[in-house]
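Enquirer: everything below, folded, please.
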Amino acid sequence: MSRLRGDILKDIEIAKNIFQKEDMAIVVVKNGVVVFKSKDRGIKPIYRLAKEMKEEAHGASIVDKVIGKGAALLCGYLGIKEVHGVLMSKEGQTILDRYKIPYTMDISCPYIMNRDKTDYCPIEKLSLDIEDPEIFLSRVEEFFTSIRNME
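Expert: Presented below is the predicted three-dimensional model:
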C-alpha cells in the first residue's frame, strides 16, 4: 500500500486517486480496499450500492462526480464516512451536514441540472420533498421501472 509521510493513505485519498486515474464516476474505498467503482452515470451506481452492498459500504469513503440531495440521502442511509464530490448541490451539502458526514467538493451549485441544462435533474427533482432515504430508494426504483417500461 502507498504511504504518505509515513502515514497510510486515507480511504478518501485512495478513492480520489483511482477516480482520476481510471476516469470513474464513483469510487468507494473502505479500510484501504476498493469495495465498489463504476463508470455508470447518474444515480444508478450509488443506488446499486444502497440496494446490494449496504453492509460493505458502511464506514467507507466515496468520491462521486455528482452529489445532489438524492445521492447525499443515500450516503446517509449507507453510513458513509466521508464524501468528495466533483459537483455538489447546496441541498446535498445540507443533507451531508445533517448526517454529520464530512465532505469536500470541487464545485458547489444551487441544484443539479438535467443533462441539457434546461431544468432540475430528474433525480434531484424526485428528491425535493423527501427527507427519508428509504422513501427516496423506493422512488428511484419506481423511476427506473418507469424508464424500462417506456423502452
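Enquirer: how close does the spatially most central residue of the chain sit to residue 9?
Expert: What sits nearest the mean C-alpha location of the chain, by Cα atoms, centre = their mean, is residue 71, with 4.6 Å. Going from residue 71 to residue 9 by Cβ to Cβ, to the nearest Å gives 24 Å. (Glycine included, C-beta is placed from N, CA and C.)
Enquirer: same thing with residue 121?
Expert: Going from residue 121 to residue 9 by Cβ to Cβ gives 32 Å.
Enquirer: which one of those two has more residues nearby?
Expert: Comparing residue 121 with residue 9 by other Cβ atoms under 10 Å, the one with more neighbours is residue 121, at 21 against 16.
Enquirer: restrict stretch 36-47 to CA atoms and write it as CSV.
Expert: Output of stretch 36-47 as CSV, limited to C-alpha atoms (Å, rounded to 0.1, in the frame of the first residue of the first chain):
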residue,chain,number,x,y,z
PHE,A,36,-17.0,-0.6,-5.5
LYS,A,37,-16.3,1.5,-8.6
SER,A,38,-18.3,2.3,-11.7
LYS,A,39,-18.2,4.5,-14.8
ASP,A,40,-22.1,4.5,-15.0
ARG,A,41,-23.6,8.0,-15.0
GLY,A,42,-26.3,9.3,-12.8
ILE,A,43,-27.8,7.9,-9.6
LYS,A,44,-27.6,4.2,-10.7
PRO,A,45,-24.1,3.4,-9.1
ILE,A,46,-24.9,4.7,-5.6
TYR,A,47,-28.4,3.3,-5.9
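Enquirer: having no further points to raise, I will conclude here.
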